[in-house]
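> Please work out how this folds:
(4 chains)
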4 protein chains.
Amino acid sequence: MASQNLVGLEEDEVVSGAQLIAEALKTQNIEYMFGIVGVPVTEVAIAAQANGIKYIGMRNEQAASYAASAVGYLTARPGVCLVVSGPGLVNALAGMANANMNCWPLIVIGGSSARNQETMGAFQEFPQIEACRLYSKFSVRPSSLEAIPAVIEKAVRTSIYGRPGACYIDIPGDFVNLTVNKSSVKYVDCCPAPPISMAEEMTISKAVSFLLHSKKPLLIIGKGAAYSRAENSIRKLVDQCGLPFLPTPMGKGVVPDNHPYCVAAARSRALQYADVIVLLGARLNWILHYGLPPRFQPDVKVIQVDICAEELGNNVKPAAALLGDIKAVTEQLLDQLDKKLWKYPSDSDWWRGLRAKMQSNEAASKVLSLQKQLPMNYYTVFQHVRDLLPKDCILISEGANTMDIGRTMLPNYLPRHRLDAGTFGTMGVGLGFAIAAATVAKTHNPEKRVVCIEGDSAFGFSGMEVETICRHNLPIIIIIINNNGIYNGLDSKTWKDTLKLGEPSI
Amino acid sequence: MASQNLVGLEEDEVVSGAQLIAEALKTQNIEYMFGIVGVPVTEVAIAAQANGIKYIGMRNEQAASYAASAVGYLTARPGVCLVVSGPGLVNALAGMANANMNCWPLIVIGGSSARNQETMGAFQEFPQIEACRLYSKFSVRPSSLEAIPAVIEKAVRTSIYGRPGACYIDIPGDFVNLTVNKSSVKYVDCCPAPPISMAEEMTISKAVSFLLHSKKPLLIIGKGAAYSRAENSIRKLVDQCGLPFLPTPMGKGVVPDNHPYCVAAARSRALQYADVIVLLGARLNWILHYGLPPRFQPDVKVIQVDICAEELGNNVKPAAALLGDIKAVTEQLLDQLDKKLWKYPSDSDWWRGLRAKMQSNEAASKVLSLQKQLPMNYYTVFQHVRDLLPKDCILISEGANTMDIGRTMLPNYLPRHRLDAGTFGTMGVGLGFAIAAATVAKTHNPEKRVVCIEGDSAFGFSGMEVETICRHNLPIIIIIINNNGIYNGLDSKTWKDTLKLGEPSI
Amino acid sequence: MASQNLVGLEEDEVVSGAQLIAEALKTQNIEYMFGIVGVPVTEVAIAAQANGIKYIGMRNEQAASYAASAVGYLTARPGVCLVVSGPGLVNALAGMANANMNCWPLIVIGGSSARNQETMGAFQEFPQIEACRLYSKFSVRPSSLEAIPAVIEKAVRTSIYGRPGACYIDIPGDFVNLTVNKSSVKYVDCCPAPPISMAEEMTISKAVSFLLHSKKPLLIIGKGAAYSRAENSIRKLVDQCGLPFLPTPMGKGVVPDNHPYCVAAARSRALQYADVIVLLGARLNWILHYGLPPRFQPDVKVIQVDICAEELGNNVKPAAALLGDIKAVTEQLLDQLDKKLWKYPSDSDWWRGLRAKMQSNEAASKVLSLQKQLPMNYYTVFQHVRDLLPKDCILISEGANTMDIGRTMLPNYLPRHRLDAGTFGTMGVGLGFAIAAATVAKTHNPEKRVVCIEGDSAFGFSGMEVETICRHNLPIIIIIINNNGIYNGLDSKTWKDTLKLGEPSI
Amino acid sequence: MASQNLVGLEEDEVVSGAQLIAEALKTQNIEYMFGIVGVPVTEVAIAAQANGIKYIGMRNEQAASYAASAVGYLTARPGVCLVVSGPGLVNALAGMANANMNCWPLIVIGGSSARNQETMGAFQEFPQIEACRLYSKFSVRPSSLEAIPAVIEKAVRTSIYGRPGACYIDIPGDFVNLTVNKSSVKYVDCCPAPPISMAEEMTISKAVSFLLHSKKPLLIIGKGAAYSRAENSIRKLVDQCGLPFLPTPMGKGVVPDNHPYCVAAARSRALQYADVIVLLGARLNWILHYGLPPRFQPDVKVIQVDICAEELGNNVKPAAALLGDIKAVTEQLLDQLDKKLWKYPSDSDWWRGLRAKMQSNEAASKVLSLQKQLPMNYYTVFQHVRDLLPKDCILISEGANTMDIGRTMLPNYLPRHRLDAGTFGTMGVGLGFAIAAATVAKTHNPEKRVVCIEGDSAFGFSGMEVETICRHNLPIIIIIINNNGIYNGLDSKTWKDTLKLGEPSI
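Numbering: from 1, shown residues only, chains lettered A, B, ... in the order given. Predicted coordinates for the structure are as follows:
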């Protein structure tokens, strides 16, 4: 009877909003939180830490939101960005936009004004849920403390199911320290990993048939392939079928850049003349020149594999539209190809032409990289950097020329080991991404190095986060390519010179 | 040379915005357009008719938008709602909202102010693209005449790919009569039918295993199943496995209501005691009491089949989450069940209990339907109506009691033959839906009857469309259940009486 | 002690959300409510009636929202439009848009889903506050029952202070029957009439000086002048200074149309040649051809009087920008003009030219109005109607030709006695406006007649509201000008004939 | 003939989008532009500089937007923030939000994707106009090059007319280098200074009467008073009537802080017991505790003076609502008070009580400021700083304790010489504001010093802008109060210690 009473007592135990948030995040397997505390969310960070979530205090919510979004890509479980009301939330829109465009999961939790001061001109009062609409898949305020676990589950689930993206959860300031009886709370389980969907077998057959009849096949590997952990299947597809492949910037490393079938060094030629393209988790957007002539053949047959139905057919009508998880569909393709025992001949004209182009391009880079004048050109710089980089390091890269030339000069050997300005071309993501990568590495793989190579302009967006790096003892190497990339205008020689020379000094 | 000249001439032929819109819609297999013309879209309607698209002029854009949305459900290709700027577009938001909530494809084309008067207080100037954001999957203005075909293709494609919904295309008034050389236009093909996706085999096996071990199985058939044309597969699943099934309101008819395994007459009991539920294209929202106790078992195992990943897990954690096209996944289930040769025993306690409940409920209805006082009660009314309805008619139903009681009293025998207030509970859809159904029937199946059964309040929303029906000679039968459903307030006896008696007169 | 207890009891008396809403509206001097009841707002209508607010049950929220907005214009205190969640609110956006564009005060109160079902797919769940943003000055949900009176005061105040417009108040369904202790409610007083602001004297002097030196002065009287109850002052200005004046459509009647200085019959000429224009509460938007050549002199000096600072300078740089209440500023002008004893000479060339043009235009109309063929032309129709109209009736007018020609043929003698499609050119407002006008007249001036003259197409938008008119015994005369204004398309002779002939039949 | 040709040539001269933007800004008297260039706006910055606009290249658009907004406050003409598409614009929302909340004018010009790539996944494609809606008074894209001057005029005008705020202008990337004939461009003049409005004399009399009968009067001076350049009038009001006054944080300096009637040192007491408050351009929001008990008397009579009608009556029903320009209304008050020859007696109980409280508060501060332990407390730090500050320097302040205690310890002697986190409580504004202030000073008053006193956390948001300061040789002194204000969480001693001690080190 006494124990029964105790049980009863326990059932009536109260719990605060901050605790509910922290426990619910933990239940949903959230490991990392980045943010800036202050009224009203300080207690949320404290509760998160008490529940075993790693909290990293940053210097600007902008960088915090970038960091949290990178965690989602690296671990397939969203990071959380915790921000205060008003300006804090507005600063975090940058990371939400970037995550949504990159199709990366992200949870932003924003404190907001106490409910009883709404419409009165409360401290940092702002229509935050509405403000996040354009930047998220789901933007919501739990209507009560009791609803917090279910709303957090729905946000986490929505962020990773279907095409991943950002979700926003609004927490009125008065929720944080308010308490309710635990018995009244609607607790929910951890949401399972995303459901896997596959393409129709008939369309798979059609795709295989196109491939078998292709003269100039090409595989394009996007960061969607990296996100779906399809590396083993795609590697097998490449090896078994002898297919030339081309990664998008963050698709690099799904199959190592030094794989003999990688035709990145002949990118333009490969795109321009391919007759059949297998597009694995990449979009035909600005990065791939919309899939249109003159950068592509007008009648190129695209076998488009994507998790998002609405993506299929964008800009180019696919010869075969394969809707489903990249990894699952790649395996479907492999299943049918296995039966055909087909391999694209390595002595074809297509291969010969690509190899010739690769050799000449690589030779040209080599020449540039051996130049010795000062200031050094990009190629020389990157040549030296490349020699020193550990093969398994995570590379972060941003800036205009720095990122573009770095993409060709700095190889990736492992999937999800390159983070850059991405689909949205966001400058300023570098340090946030580096902090995320180093934080994840610290927990799961302490030997891994994080190297951040940035243009000087790009570095300027979040340079203060160097302090965050130091404060948290994160082993990050930052290399800044100083090309005087800051515009000083008409009176300044530097700018014109820079435009003419385009040469960096390190 | 002469012929070359002619070819040259042809290439330089000009085309107007209105023509481009009409031709692009035709290319995308759009058959029906509903709307109200006026500045600046009259020419669009004329061009559409000239291109063989059936145009129905309605009395209020609200009803026009409902009509166009129903076409999308009935034909799986969106109808178009054509509206003028400003108020015309605002009136059409009703149908966009309803379509989006019902997951029905719809294209709304709205004229807008001439570009050179923007920001000046132009006639009916309004931020229309932005205004449609909350009501659509895609809201956009083509940036030029040249872009019209591609934008229309993208809108049509987006409306039917993935979870279907509404799309908005904004046409500046000056586009309509502006012309361009045909050679500069970016023409595109008809977008193919939506790509089909399937669930992982492993999860299918898991689902089948739950089913095989269930004591009290239940199939719930939603309008998503109807939309995916899954009727044959589901019918086979029901028959082969002997499963009790329950349709949602617009899921009625996927398997005929008079099928012996239909347990609609024991709906509450079936939901409340089922231990394994196969949810085919239905959402666990208000219509299904969120799938939660006390209306469901707390530990009910839900096998959730949906085309939308983000829907999976809403409110209830599914035992098996099957992401894919309803029809394709049903066939996957059948494939595995075929091998098991499993049939749920028809002499189980579960079946006995359900049958008993059905009999008692039906008997109660019978008693009510035989009452002879005046004004007649709903059951008596519907009993008479039922006897007269052709089995293959399309039934439209709205109103509160009229729709609810009608759902149980008026059987459906064919899929997509019932249209009602739907997921969004929209009153006023009836006549628009009826006009759509009759227009589609006229083209494809002239013998088919359309019967519209409405409460008097529901009828009031769009009653003027009776004129549209007459003007277009559409063979629609409208039955109004007059229960004095209009609130007159405290001084009115009628209201109180109605509340007490709830009896209709016809 | 017993009585003390009773007092104590009274102090602790509870009050429901519905009661709080009704009492707060009454406190804010709201007299009229239009809407459609249903879950969850029926109790709000009942409580409003119990508190002496007149409730009119309509057939479509669209028309209800038009009716409520007209009350705001007619009485300077907003009417309320009461709607259910989801589709009900979406239907009311039409009236909010129209009110906001017309700068008329309006309060829309929308029920919404119960809070504890939010994010779950509740009945008619929709982001309603956000949905109203584009259509309102203020869109908000009270955070608690306690906050209802203050939020309603702020909404009413915001709707009438500054430039009037629409405000939206969201009421979660569970608020309606929830109760709180009266002692915890934050009660507030009725907000006072809007504060009056005036222009700087120096700018008044400048304006007067322009007027004194003008050769071809013109006064334009907008509905802003009507709204600010400036009729006596403007009448005095016209009479005293002998100024030609021109009303905008709803500015008609501020000074009677039969006033000898009214130059409406020479509208185009007056606009085109005026050298100094005093613009009283009218915008230089599409209705006034943006104030630009060729419809205006390129160097016309505009003395712009407006309550909204941001309106000043739109499209034309004013010679004098007078920010303030139209009535107050008119009186400031009069004060300075009084001292000058200035009157514009009635024998000027400008007056002679205008009078000549008026006579020729009127003669042309006369000829048309005497034609006797059938179907009658518009002028003949309106001639007959005009002879029968009581001088003090409220005229409602909409339709294309019906409204345009009616504007010139049907005179107004009193301010705020004409209601039409307005700034937003909204078709379908007629019956809602008529119901509002008749309801207001019934209370305050039972002898007043309401006459509604509509094109047949315009009538179709809300024709069902004839039932509302009958149910409420509202003495409204509806005249429909049947010009076959419904587009039937290419196969229909009617349309082409109509386009050619443009002749109506009554 | 030759000259005719030349004239003809001149008339046909072409002009690019970038030039049109730059020239239009110059025409509108825009002096300063802050931003980050890149595709597609680099040419806009170049053209601006060529037209004599000072361009400051910053490190993050966030800080650039803060800088541009401060220019608007300091000069009453908006600064421009120039940003690239997508992320650049999103970063600038921070400054737009802050400007709008502070009621400061600001123009943001954002590049966006080329029109012919819209909907295709263009580089940094984003619905930018819509994204700025919540943060601006006016958000628009010119529909053509020809419309650029008129749109820029409207944006500048809207930003300064009525209650000032932010405006957004969207420039499609292809506009920048596109050209048109100058003759087709719609050129417009510079918009005049905002129109001045005044209150009704009757309400002025009412207000004066309240003041004359007050026992415990108080003047509150907000930043609205500073913005309206009302310092001379308010100083006269204070001196002539002997009124105790209290500045809000950015109202400091309108009347010097060392004026004998300044009761800032007895702020709480003054607010709590005043019976009549004249509120000059300050809002009764969180900064003033909503004007409600227990911080104010329940029956305090508020004479509210504001430029925004909708502000009047917020939270407290004013005894007199004076709508108009702060300066103009203050002069109206003075006019009537002049005639009364009224002065509030300096020997009243109210004055005695306030003076006593001020002395005791100042003494307490003095004690704290004389403490000598290390780390120094805030008061000691500020005491030293105060002694060194030039009286006419512009003070920038942010951080939590740093700003709060600094407000009481660091006096302002001139209006608009204090810039801080403001109404929206934005952290991170400091360096942007300092850059703006120093840039304005450099042009107009090169002797003036800018001193930036920041908490270490606040500094972190934009610390990288130190590089901008150096690059532009701006004479800014930055003092950072290091109180270890960065949260490191549970494992960190620092945080707990900080919480306990709250002592800074410099």
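> Tell me the bridge partners for the closest residue to A:Ala264 other than its chain neighbours.
Counting by CB to CB, 6 or more residues apart in numbering or on different chains, the nearest residue to A:Ala264 once its immediate chain neighbours are dropped is A:Leu246, at 5.9 Å. Backbone N, C-alpha and C define where each C-beta goes, glycine included. Beta bridges link A:Leu246 to A:Ile220 when assigned by DSSP bridges.
> Wait, A:Leu246 touches A:Gln272, no?
No - using CB atoms under 8 Å as the test, A:Leu246 is too far from A:Gln272 to be in contact (11.6 Å).
> Mind checking which of the two has more residues around it?
Taking neighbours as other CB atoms under 10 Å in any protein chain shown, A:Leu246 and A:Gln272 compare with A:Leu246 leading, 24 against 15.
> confidence score at that one?
You'll see A:Leu246 listed with a pLDDT of 98.
> For the stretch 201-350 of chain A, give the residue positioned nearest to chain D.
Nearest to chain D in the stretch 201-350 of chain A, going by CB to the nearest CB, is A:Asn285, at a distance of 2.9 Å.
> just checking, that residue touches D:Thr119?
No - if you go by CB under 8 Å, A:Asn285 and D:Thr119 don't touch, sitting 10.8 Å apart.
> Quickly list what's touching both of the two.
Listed as contacting both A:Asn285 and D:Thr119 by CB atoms under 8 Å, 6 or more residues apart in numbering or on different chains is no residue at all.
> pLDDT of stretch A:54-61, averaged?
For stretch A:54-61, mean pLDDT is 97.
> Pull that stretch out as CSV, backbone CA atoms only.
Taking Å, rounded to 0.1, in the frame of the first residue of the first chain, the C-alpha atoms of stretch A:54-61 are listed here in CSV:
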residue,chain,number,x,y,z
LYS,A,54,25.3,18.1,-25.9
TYR,A,55,24.7,21.9,-25.9
ILE,A,56,27.1,24.2,-27.8
GLY,A,57,26.7,27.9,-27.0
MET,A,58,27.5,29.9,-30.2
ARG,A,59,28.0,33.6,-30.9
ASN,A,60,25.3,34.3,-33.4
GLU,A,61,22.1,32.3,-34.1
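> in the stretch 401-506 of chain A, which spans are helices?
A:401-409, A:430-444, A:456-462, A:465-471, A:493-501 (DSSP state H, counting those that start in this stretch).
> Could you dump those into TSV and include mean pLDDT, distance to chain C and mean neighbour count?
Shown next, in TSV, are these (pLDDT from 0 to 100; distance: least, CB to the nearest CB, whole Å; neighbours: other CB atoms under 10 Å in any protein chain shown):
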stretch	mean pLDDT	distance to chain C	mean neighbour count
helix A:401-409	92	37	21
helix A:430-444	97	28	25
helix A:456-462	95	31	27
helix A:465-471	96	33	19
helix A:493-501	36	38	13
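> For the stretch 251-400 of chain A, which residues are neighbours of chain D?
A:Arg283, A:Leu284, A:Asn285, A:Trp286, A:Tyr290, A:Asn314, A:Asn315, A:Ala400 (CB under 8 Å from any CB of the partner chain).
> Leaving out the residues flanking it, which one is nearest to the third one?
With CB to CB, 6+ apart as the measure, D:Gly121 is the residue that lies nearest to A:Asn285, at 2.9 Å, once sequence neighbours are left out.
> and that neighbour, what does it touch?
A:Arg283, A:Leu284, A:Asn285, A:Trp286, A:Tyr290, A:Asn314, A:Asn315.
> count of neighbours near the nearest residue to A:Phe123 once chain neighbours are set aside?
What sits nearest to A:Phe123 in space, not counting adjacent residues and going by CB to CB, 6+ apart, is D:Trp286, at 4.4 Å. Neighbourhood size, D:Trp286 [other CB under 10 Å]: 17.
> again with the one 3 residues further on
Look at D:His289: counted by other CB under 10 Å, it has 16 neighbours.
> quick revisit: what two of the contacts of D:Gly121 are the furthest from one another?
A:Trp286 and A:Asn314 (11.9 Å; CB to CB).
> right, and A:Val37 touches A:Gly88 too?
No - using CB under 8 Å, A:Val37 is not in contact with A:Gly88, being 9.5 Å away.
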